[in-house]
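# this one's structure only:
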């Protein structure tokens, strides 16, 4: 099957970001905190994208920022899907009071904007990557719970699920062997959206000062550090913002292609 142009662009860009994130320490031309230039210098042979507000190489900071941004977003998204999808499937399969308790707890958490909850929690908890991942993953799992429960409710009434229950299969077997394989298509597409949301969320938290802390770098923190340069026509704050936008677009293109591909395969088998 020939790849659509949009999917090809998305795969190339996403693969490039992942490559940079994995091999960033070997690619970056300067150390993360090396103030090797002057304030907001322009592009040069030594600093291909110029320098930031205290003379650090922007290209190197972008590369190191890609590592932190993608790692935190990916880890929190995996946590959100592991927790949210399992609890959503469990609520759909078990029903009754289990479904009611889980659904009402999720409704309660979602009643308050995630950013406000995160800011309150991070203001009293230690600021490190582990805490960031846990807070973001737990908050985002509520959205995954709603989607996975809605999908699982439709699947749970299918004949093959009822047959598994009549055979005496346990709830975990039904979830992982019957429901999960048939719910992958919407969950994969949702994972792409949740990952993008996590990138934007961690960038927002860092911009507000409660995300990734120095000496580590992430793209949202870079925007905050260099925002004053916009007054003087400097692009140091625009480059990490452009990186966030490029990553979001590329992952979206890949997720859309995967959703279309899996949906068409299911349609072909059904016919």
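Yep, that arrived. What you see is a predicted model; the values in this text were computed from it and never measured.

# low-scoring stretches of the chain, by residue?
1, 262-271 (pLDDT under 70).

# tell me the contacts of residue 46?
36-37, 57 (CB atoms under 8 Å, 6 or more residues apart in numbering). C-beta coordinates here come from the backbone N, C-alpha and C atoms, glycine included.

# and if you look at residue 31?
Applying CB under 8 Å, 6+ apart, the residues near residue 31 are residue 60.

# Just say helix, strand or coil for it.
coil (DSSP: H, G, I helix; E, B strand; the rest coil).

# Ramachandran angles for it?
phi -60, psi 160 (degrees, to the nearest 10).

# just the helices in the protein please.
In the chain, the helices defined using DSSP state H lie at 5-27, 58-94, 96-110, 114-124, 129-156, 159-166, 171-173, 180-207, 219-226, 238-270.

# Please identify which of those is closest to residue 48.
Each of the helices of the chain has some distance to residue 48 by CB to CB; the shortest is helix 58-94, at 5.1 Å.

# returning to what we had before: I'd like the helices of the chain laid out as a markdown table, including distance to residue 213 and mean neighbour count.
Formatted as a markdown table, the helices of the chain follow (distance: least, CB to CB, whole Å; neighbours: other CB atoms under 10 Å):
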| stretch | distance to residue 213 | mean neighbour count |
| --- | --- | --- |
| helix 5-27 | 19 | 15 |
| helix 58-94 | 10 | 23 |
| helix 96-110 | 26 | 13 |
| helix 114-124 | 11 | 14 |
| helix 129-156 | 9 | 20 |
| helix 159-166 | 47 | 13 |
| helix 171-173 | 39 | 13 |
| helix 180-207 | 8 | 20 |
| helix 219-226 | 8 | 24 |
| helix 238-270 | 16 | 16 |
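
# Can you tell me which of the ones you listed is nearest to residue 41?
helix 58-94 (9.3 Å).
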